[in-house]
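>>> need the 3D shape of this:
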Amino acid sequence: MLGPRPTVAGPAETNDAPLTAPGATRAMEAVLERVLDARLRQARDTDAVFTHEMAERVAAFVRRGGKRLRTAFVWCGWRAAGGSGDTGAVLRTGAALELLQACALIHDDVMDGSPLRRGGPAMHVDFARGHRAGGAGGSAESFGTSAAVLAGDLALAWADDLLTETALASPYGTRLNDEWRAMRTEMVAGQYRDLRAQASGSSGAEEALTIAVLKSARYTVVRPLTLGASLAGADARTLGALRAAGRCAGLAFQLRDDLLGAFGDPALTGKPADEDLRSRKLTPLLAVAVRLAQAGGDEDAAAVLAPDADARPGHTVERMRAALERTGARAEVESRIADLAAAALRHFEAAGAAPAVRREFAELVRRAAGVAAQHAQELV
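Just a heads-up that it's a prediction; the model follows:
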């Protein structure tokens, strides 16, 4: 027997009027606000200090935003599979993804030692500052790291609770839960492969691609699409087409993120522009550059991009950026992004989505991959 409908539901979740992807995202924000308010009330019943110093920080971080692309992809997957009517489960699934994203970002920043996120201090940095300001004993950095791990765990618990509530209230709850469980495992696998590559000093293109697929492509686009499609009872053919579309769009998104990590403006991205380069983080961009440098006999580029180059004096971020340009890696990745974006739209069309939904998916791909507006029009 199905359990009771989640108490966080509200009028905006049961509106049967057709929504656009941006409309679904706005409606999800209202759902997310109600979820956060409910979780904070539960936290206050547990402990006042925990609420003020931990739960409210997590809620504020979630509210600080992001692109909210995952909700839009959930909606596209649902609509591509013939979803219509009550949007409640779709919006709650999108809200659960935003909570899961908060967990992923908080933990990722701890592992990467990132100082900034979403235009403000990363969670572990914020906790460390509070530790110092309060005159507490012990290491502020150690406290900040430990507290941020707990903050990420709390966001994950909130995400899982919301997804479970949604699944229990849906006739397709088992399928929804199966997609969710697979996605969480893929996220951990991708993060571990990322850490392992850093530790081993890998610069291999195959490993970079594996990490990009596990850590970003599936989590950002593939699973949101199939989560939405599952809520519409999608058949195997539709799910297969959506997975192919999501893999291409997700890889395009990750490649764009790699370029922003090397060349982006921190005022626009909300995070440092040279972090990936300073750490020699294994990305497809770096792997392409190493390959091209070796193939072209550019010994200076190969040396400055090498995994152990940070131990050598004079190997600066500026020289790395110049090597990415000179080897042609930046141009090759830009071209690959455009090809992947076009392939994503072809696969999405094969899912049988209506023209209006295909146009919205094309716009999402343009936003995620940073494809030029003119080219995005050509993709539709």
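>>> how about the helix or strand that contains Ala96: buried residues?
Assigned by DSSP states H and E, Ala96 falls within helix 88-112. Residues 88-110, 112 are the ones in helix 88-112 that count as buried (16 or more other CB atoms under 10 Å). In this view, the C-beta of every residue, glycine as well, is placed from N, C-alpha and C.
>>> do the same with stretch 67-83
Across stretch 67-83, burial judged by 16+ other CB under 10 Å covers 68-81, 83.
>>> low-confidence ranges, the stretch 1-150 of the chain, go.
By pLDDT under 70, the low-scoring segments of the stretch 1-150 of the chain are 1-18.
>>> where do the helices sit along it?
Per DSSP state H, counting those that start in this stretch, the stretch 1-150 of the chain carries helices over the ranges 21-46, 48-50, 56-63, 69-80, 88-112, 123-133, 140-168.
>>> redo these as a markdown table? Include distance to Arg193.
A markdown table is the format used below for the helices of the stretch 1-150 of the chain (distance: least, CB to CB, whole Å):
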| stretch | distance to Arg193 |
| --- | --- |
| helix 21-46 | 30 |
| helix 48-50 | 33 |
| helix 56-63 | 26 |
| helix 69-80 | 21 |
| helix 88-112 | 12 |
| helix 123-133 | 22 |
| helix 140-168 | 19 |
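>>> closest one to Ala329 among the ones you listed?
Put simply, out of those the one that sits nearest Ala329 is helix 88-112, at 21.6 Å, with distance taken as CB to CB.
>>> before we move on, the earlier item: so which of the helices of the stretch 1-150 of the chain is nearest Arg247?
The closest of the helices of the stretch 1-150 of the chain to Arg247 is helix 69-80. By CB to CB, the value is 12.4 Å.
>>> just the closest of the buried residues of stretch 67-83 to Arg359, please.
Of all these, Cys76 has the smallest distance to Arg359: 10.5 Å, by CB to CB.
>>> quick one, what contacts that closest one?
Residues in contact with Cys76, defined by CB atoms under 8 Å, 6 or more residues apart in numbering, are Ala21, Leu225, Gly228, Phe348, Ala353, Val357, Glu360, Phe361, Leu364.
>>> quick check: buried residues in stretch 217-237?
By 16+ other CB under 10 Å, the buried positions in stretch 217-237 come out as 217-232, 234.
>>> go through the residues you listed and flag which are in helices.
In helices, defined here by DSSP state H, the members of those are Arg223, Pro224, Leu225, Thr226, Leu227, Gly228, Ala229, Ser230.
>>> could you redo those as JSON lines and give each row pLDDT and distance to Arg278?
Compiled in JSON lines, these are given as follows (pLDDT from 0 to 100; distance: CB to CB, whole Å):
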{"residue": "Arg223", "pLDDT": "97", "distance to Arg278": "31"}
{"residue": "Pro224", "pLDDT": "97", "distance to Arg278": "31"}
{"residue": "Leu225", "pLDDT": "98", "distance to Arg278": "34"}
{"residue": "Thr226", "pLDDT": "98", "distance to Arg278": "36"}
{"residue": "Leu227", "pLDDT": "98", "distance to Arg278": "35"}
{"residue": "Gly228", "pLDDT": "97", "distance to Arg278": "37"}
{"residue": "Ala229", "pLDDT": "98", "distance to Arg278": "40"}
{"residue": "Ser230", "pLDDT": "97", "distance to Arg278": "40"}
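>>> great, nothing more from me.
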